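Novice: Kindly generate the corresponding structure for this input.
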Amino acid sequence: MDRETRAFAERHFRGLGGRVSDGGGRAPGSVAFIKDPDAFSYADFFKGYLLPNVPCVFSSAFTEGWGSRRRWVTAAGKPDFDYLLQKYGDVVVPVANCGVREYNSNPKEHMPLRDYISYWKEYIQGGCSSPRGCLYLKDWHLCRDSSAEDVFTLPVYFSSDWLNEFWDALDVDDYRFVYAGPTGTWYATWGSQDDTISINHNWVNGCNLANMWHFLQQELHAVQQEVSQWRDSMPDWHHHCQVIMRSCSGINFEEFYHFLKVIAERRLLILGEGLEGHIAATGLGPQQAAFDIARITEVLTSVVQHPDFQRVDTSAFSPQPEELLQQLEEAVAATASL
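Specialist: Just a heads-up that it's a prediction; the model follows:
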């Protein structure tokens, strides 16, 4: 991020006045199609799409260098089963049964990729049906596997990726997935027609951090409403609401604070002296770091004031939320003229 883009972004957030960005009311039918990567800069994406929180679609020109595009599909655009078997045949992958529901998801089993591809071929030969049901390769964390090659290269537009930066720092998880399956397999609200392989990369950053915090407050409120009848009879009811929230949403208020803390501390390092290597490793410069710190400060201020966060046991937190907030406020003041 350059200085002009940061100044533009700060004006944008001042204009929001603490409100979350709602996409400007743009209708889904008006999603922009970006054709030429050579004529589309990071600043263009940041100003036109990240800040206002509106979607766009990149053309295939943006992914021409991906190893998956060169090796995973045949010239006819079909999955290259021979290559996938040779490269990943022994890798154990998660497979969901689309025809069975357990609570709010599909039951999963794990099998070697070669067994899933064998099923896939039989499913095609059987006229898109199988006695085993409709099986879908779902949530394969290939990027954490040592067998992964240059499957995909993260475009510069997504270089500020807090979600995977956080989990990579902890070295326990990530939000980069491979999905694959024949006609009729599905995930959430969409289904495959085109035998499909999909590479998903979920992310969040300073531009939509306030939206994330707003969503988490809504999720907790929904949990509290659902179990409100046990409020007076359940010991430590607020703690149990946080536990339930995490099981449903994958995160609760405690983990959200640790998420903010990890990113904040890494941005403070970037603004320190003699940390060129850290800047190179993250792909972020001081202007981006200053922007990120300002966004964390805004959200963390709201977090520490929230009555349900104040009920969280923070005695083991280091630094304490108020201490971290003070560090960030000092950094915001120091970077005002950066």
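Novice: C-alpha from now on. contacts and neighbour counts both.
Specialist: Noted.
Novice: what about residue 41, how many neighbours?
Specialist: 11 (other CA atoms under 10 Å).
Novice: Can we start the residue count at 548 from this point?
Specialist: I'll keep to 548 as the first residue from here, and by that count the last item is residue 588.
Novice: Quick check: it vs residue 748, distance?
Specialist: 20 Å (CA to CA, to the nearest Å).
Novice: same deal with residue 767?
Specialist: Taking CA to CA, one finds residue 767 at 25 Å from residue 748.
Novice: the more surrounded of these two?
Specialist: Neighbour tally, residue 767 and residue 748, criterion other CA under 10 Å: the higher count belongs to residue 767, 22 against 15.
Novice: dump the residue contacts of that one.
Specialist: 788-789, 792 (CA atoms under 8 Å, 6 or more residues apart in numbering).
Novice: quick one: low-confidence parts of the stretch 598-747 of the chain?
Specialist: Residue ranges of the stretch 598-747 of the chain with pLDDT under 70: 648-653, 693-695, 733-740.
Novice: In a strand, residue 612, correct?
Specialist: No: according to DSSP: H, G, I helix; E, B strand; the rest coil, residue 612 belongs to no strand; its state is coil.
Novice: gap between it and residue 700?
Specialist: In terms of CA to CA, residue 612 sits 8 Å off from residue 700.
Novice: Strands of the stretch 648-797 of the chain, start to end?
Specialist: 655-659, 682-687, 723-728, 733-734, 737-738, 743-748 (DSSP state E, counting those that start in this stretch).
Novice: what's the burial count for residue 801?
Specialist: For residue 801, using other CA under 10 Å, the count is 15.
Novice: Please apply the same query to the one 3 residues further on.
Specialist: Around residue 804 there are 17 other residues, counting by other CA under 10 Å.
Novice: before we move on, what about residue 819?
Specialist: Per other CA under 10 Å, the neighbour tally for residue 819 reads 11.
Novice: Same question for residue 626.
Specialist: 19.
Novice: can you pull the contacts of it?
Specialist: 619-620, 742-744.
Novice: just residue 722 next, same as before
Specialist: Applying CA under 8 Å, 6+ apart, we find residue 722 in contact with 688, 710-711, 748-750.
Novice: Can you tell me the SS state at residue 640?
Specialist: strand.
Novice: burial count for residue 698?
Specialist: 17.
Novice: go on, residue 842?
Specialist: 22.
Novice: other SSEs contacting the helix or strand containing it?
Specialist: Taking DSSP states H and E as the criterion, residue 842 maps to helix 833-852. When contacts are defined as 3 or more CA pairs under 8 Å, 6 or more residues apart in numbering; DSSP states H and E, helix 833-852 packs onto helix 550-563, helix 756-773, helix 800-818, helix 868-881.
Novice: Contacts made by stretch 869-880 with the rest, please.
Specialist: 808, 811, 815, 837, 840-841, 843-844, 847-848, 851.
Novice: about what we covered before: give me the buried positions along whichever helix or strand comes after the helix holding residue 842.
Specialist: Counting by DSSP H and E, the element after helix 833-852 in chain order, helix or strand, is helix 854-857. Applying a neighbour-count criterion of 16 or more other CA atoms under 10 Å, one finds 855-856 buried in helix 854-857.
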